[in-house]
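S.K.: Quick one, fold the following:
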Amino acid sequence: MANSNRDTSSSKGWLWLMGTLIVLAVLATAASLYYQYKHHAHGGHSLAKQEIEEVKSVKKAREVYDVIVVGTDPEGVAAAVSAARNGLTTLLVDGRNREILGGLMTLGWINSIDMNYSSNKNILGKDDVFNKGFFSEWYAKIEGDSFDVNTAANAFYELVKKEKNIDVLLKTKKIEPILLQGKNVVQGATITLENGSTQVVKASSVIDATQDGDFAAAAGVPFTIGHEDIGDPKSKMAVTLAFRLKNVTPEVWNLMAKRLNGDNDSGSGVNEVSVYGYKEMSNYPPLNKERAKMRGLNMGRENDNTVLINSLQIFGVDTFDPKSVQEAFEIGKKELPNVVAYMQKSFPEFASLELAGTAPELYVRETRHMQGEYRLNIIDVCTNNDQWDRIGFGSYPVDIQRTAPTDSGNVVCKPKQYAIPFRSLVPQKVDGLLVVGRAASYDTLPHGSARVIPTGMAEGEAAGAAAMFAKKEKLTFRQIAASKEVVSKLQEQLNKQGMEIQPITLKPQPFMEHKEYEGLKSALLLGLASGAYDNNFHLDDPANPKRMVNLVSGAKKMKPEAFSGDVTQAIAKLENADKIPLSLEQASFTITQALGLKAAANEAQAKLVENKLLTEASLNLIADKQKLTNADTYLLIKDLKIGVTGKP
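M.R.: Residues are numbered from 1 along each chain as shown. Sure thing, here's the model as predicted:
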């Protein structure tokens with residue numbers, strides 16, 4: 001009997017435990033669903049356009065803040081809110097003639113987001129995004145992956161004005177760094193106000209969230225410009241003048257969707273708020289053939305039967321020169337009536353559309369690339385590399401837009417997930433300063449992916465939290481970047497703020513397991529290899545003599561003074577140089593011709609070995625000396641050590 005009672009009691013206890021666990025599981029699921037809804041749902045398209053709320057700017061800043069955030073682009077807003085929520089008195093200041101927050105998104109009219117999607121789905125079955133945190137909080141307030149600029153501007157301001165620790169100061173004329181006398185330590189800024197008066201504002205930390213790293217450059221942080229790090233300092237990605245079309249009714253939207261849904265091209269797509277495709281627009285004949293070019297249409301829907309389009313590329317613009325910027329606006333405004341007429345003529349669904357204005361600011365993709373404690377490189381991105389000091393992730397394709405009308409642009413690779421290290425926010429030579437956004441410490445090629453705004457907003461959020469740790473731990477940002485203990489605390493804090501900063505565990509990409517992968521790495525770092533959206537570098541495809549000449553010509557950019565010869569002489573006597581197999585002898589001869597080394601074709605290989613420009617290890621990996629592959633040619637480039645040791 002006692003045993004029976006004990007069994008009954010045990011059974012009841014077990015049922016109670018199971019019931020409790022079920023209730024907890026249901027609550028956990030409900031909480032997760034709520035989280036997913038809060039961080040992944042969005043407002044959706046409507047025809048009720050919001051009025052822009054006036055941003056209350058202080059007339060004059062305080063004398064001292066814990067942190068100054070320079071720049072009101074999305075990265076700066078994220079940094080300011082993160083700093084304020086971490087208890088820091090914060091000045092969010094802008095040196096441009098802006099009345100609203102959001103910069104590139106709201107004044108450059110780039111209202112379609114280059115999203116950092118993960119390869120997973122969230123619990124609602126939707127595409128999941130990396131980083132979350134502040135980005136997802138803001139994203140929940142807008143229409144979707146394209147948005148109405150008024151909605152976006154109000155959402156940024158709503159998040160800022162809730163923070164009692166933030167002062168906003170707009171329309172200043174100049175923001176100059178204050179450096180500790182005799183040392184490269186930022187201690188605040190001298191601000192020239194709208195009325196022309198100046199004010200000294202001290203701060204323990206400054207976060208540069210300007211599009212071009214203006215504050216950091218003025219403070220003495222070293223940087224490269226455009227494609228300088230791959231031997232082409234005069235090249236930068238095109239700028240864009242976004243424009244608005246009206247009369248885009250739901251009927252027109254449905255006609256666009258019908259066309260694009262029937263298009264087998266993977267480069268086309270449509271949803272409730274975004275359209276991308278119409279690649280035929282690249283055939284538009286520009287009035288200014290040297291300075292302008294259209295690409296396929298990227299459309300973001302607004303809430304008033306209009307769309308904003310990011311597709312008109314303008315070249316040769318010095319964005320640090322106001323006259324050059326004004327000229328770019330003029331070029332764009334002259335082209336756009338013809339662009340719209342071409343759209344109307346080419347596509348029936350556009351017949352009723354009309355031009356309704358251009359963006360107040362240019363979309364500038366690339367200028368300065370700061371030199372930080374770590375410089376993100378293309379190998380990091382293409383191989384989904386983790387970093388011990390990760391503070392965010394990227395996954396957007398490495399999209400290198402045209403640098404000239406004759407250029408077709410390039411997609412180097414499509415990563416699944418790579419880490420942004422905190423060290424890439426910490427500039428060399430100058431303390432008390434962090435740089436976030438597209439001017440952070442990336443090489444030009446990875447910048448093609450890491451420049452997207454969701455990545456920059458993650459950096460901004462991390463920078464705001466890091467400023468708190470700098471104050472709390474009494475450390476410089478450089479000291480934090482060297483401390484695994486403090487970085488671990490920073491990562492823990494970011495996770496508490498809603499971000500998801502966990503180590504990456506991904507299988508190696510197939511190309512990483514190729515026997516000649518080391519050669520591909522060199523080619524990637526020199527900007528000589530591209531895998532496009534499927535990461536297919538065609539390593540085992542046959543090479544040919546003409547392609548070898550082009551490859552060596554590309555390598556020459558990194559060290560032109562070393563290539564004193566004429567590489568074209570290597571194929572001067574060859575017929576069908578783009579069709580016949582490439583032998584090791586011919587490849588070696590191509591290199592010696594380019595370098596100006598005197599050697600007959602049958603002597604070239606030995607000459608390279610003699611000069612330590614070709615290794616036995618590489619020779620042993622080349623399977624067929626009479627029919628080289630692309631991977632073989634990359635090995636030959638690797639052995640030249642261009643841009644690595646200063647050789648050849």
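S.K.: For the longest strand belonging to the chain, buried residues please.
M.R.: Secondary structure assigned by DSSP state E gives strand 198-208 as the longest strand of the chain. Under the neighbour-count criterion of 16 or more other C-beta atoms under 10 Å, strand 198-208 has 201, 203, 204, 205, 206, 207, 208 buried. (Glycine included, C-beta is placed from N, CA and C.)
S.K.: Just checking: what are the partner strands of that strand?
M.R.: Partners of strand 198-208 in the sheet, by DSSP bridges, are strand 64-70 (parallel), strand 186-192 (antiparallel), strand 433-435 (parallel).
S.K.: What lies in contact with the helix or strand harbouring residue 419?
M.R.: Element membership of residue 419, judged by DSSP states H and E, is strand 418-421. Under the criterion C-beta atoms under 8 Å, 6 or more residues apart in numbering, residues 374, 376, 380-381, 383-395, 440, 449-450, 455, 458-459, 504 lie in contact with strand 418-421.
S.K.: Out of these, which sit inside helices?
M.R.: Secondary structure defined by DSSP state H assigns 380, 381, 449, 450, 455, 458, 459 of these to helices.
S.K.: Compute the number of surrounding residues for the fifth one.
M.R.: Number of residues near residue 455 (other C-beta atoms under 10 Å) recorded here: 29.
S.K.: Leaving out chain neighbours, which residue sits closest to it?
M.R.: Leaving aside its sequence neighbours, residue 455 sits nearest to residue 394 (C-beta to C-beta, 6 or more residues apart in numbering; 4.7 Å).
S.K.: hang on, the earlier thing: using CSV, list the CA coordinates for the following helix or strand past the longest strand of the chain.
M.R.: Using DSSP H and E, the helix or strand that follows strand 198-208 in sequence is helix 214-219. In CSV, the C-alpha atoms belonging to helix 214-219 read as follows (Å, rounded to 0.1, in the frame of the first residue of the first chain):
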residue,chain,number,x,y,z
ASP,A,214,36.0,63.1,-43.0
PHE,A,215,36.7,63.6,-39.3
ALA,A,216,39.2,60.7,-39.1
ALA,A,217,41.1,62.0,-42.1
ALA,A,218,41.3,65.5,-40.5
ALA,A,219,42.6,63.9,-37.4
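S.K.: name the helices or strands packed onto helix 214-219?
M.R.: On a contact count with 3 or more C-beta pairs under 8 Å, 6 or more residues apart in numbering; DSSP states H and E, helix 214-219 meets strand 174-179, strand 198-208, strand 433-435.
S.K.: and the angle from the second one to strand 174-179?
M.R.: Taking axes from the mean of the first three to the mean of the last three C-alpha atoms, to 10 degrees, one finds that strand 198-208 is oriented at 80 degrees with respect to strand 174-179.
S.K.: about what we covered before: now the buried residues of strand 198-208 as a markdown table including distance to residue 228 and pLDDT?
M.R.: Formatted as a markdown table, the buried residues of strand 198-208 follow (distance: C-beta to C-beta, whole Å; pLDDT from 0 to 100):
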| residue | distance to residue 228 | pLDDT |
| --- | --- | --- |
| 201 | 33 | 98 |
| 203 | 31 | 98 |
| 204 | 33 | 97 |
| 205 | 29 | 98 |
| 206 | 25 | 98 |
| 207 | 25 | 98 |
| 208 | 20 | 98 |
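S.K.: Would you mark the buried spots in stretch 454-466?
M.R.: Buried, per 16+ other C-beta under 10 Å, within stretch 454-466: 454-466.
S.K.: Over to stretch 582-597?
M.R.: 582-595, 597.
S.K.: Test my guess that residue 556 contacts residue 596.
M.R.: No - contact criterion C-beta atoms under 8 Å: residue 556 and residue 596 do not qualify, at 11.4 Å.
S.K.: Find residues that contact each of those two.
M.R.: With C-beta under 8 Å, 6+ apart as the test, residue 556 and residue 596 both reach residue 563.
S.K.: What ranges does the stretch 351-500 of the chain have for its strands?
M.R.: For the stretch 351-500 of the chain, the strands defined by DSSP state E, counting those that start in this stretch cover 354-358, 368-370, 390-394, 399-400, 410-411, 418-421, 433-435.
S.K.: Same check on the stretch 151-300 of the chain?
M.R.: Using DSSP E, counting those that start in this stretch, strands in the stretch 151-300 of the chain cover 166-169, 174-179, 186-192, 198-208, 223-225, 239-240, 243-246, 269-270, 274-277, 292-294, 297-301.
S.K.: ok, residues contacting the first one?
M.R.: Which is strand 166-169. Strand 166-169 is touched from outside by 55-58, 60-62, 65, 72, 80-81, 84, 90-94, 101, 160, 191, with contacts defined as C-beta under 8 Å, 6+ apart.
S.K.: Run through the residues that contact the closest residue to residue 504 other than its chain neighbours.
M.R.: In space, and not counting its chain neighbours, residue 504 is closest to residue 386: 4.0 Å by C-beta to C-beta, 6+ apart. Neighbouring residues of residue 386 by C-beta under 8 Å, 6+ apart: 418, 419, 503, 504.
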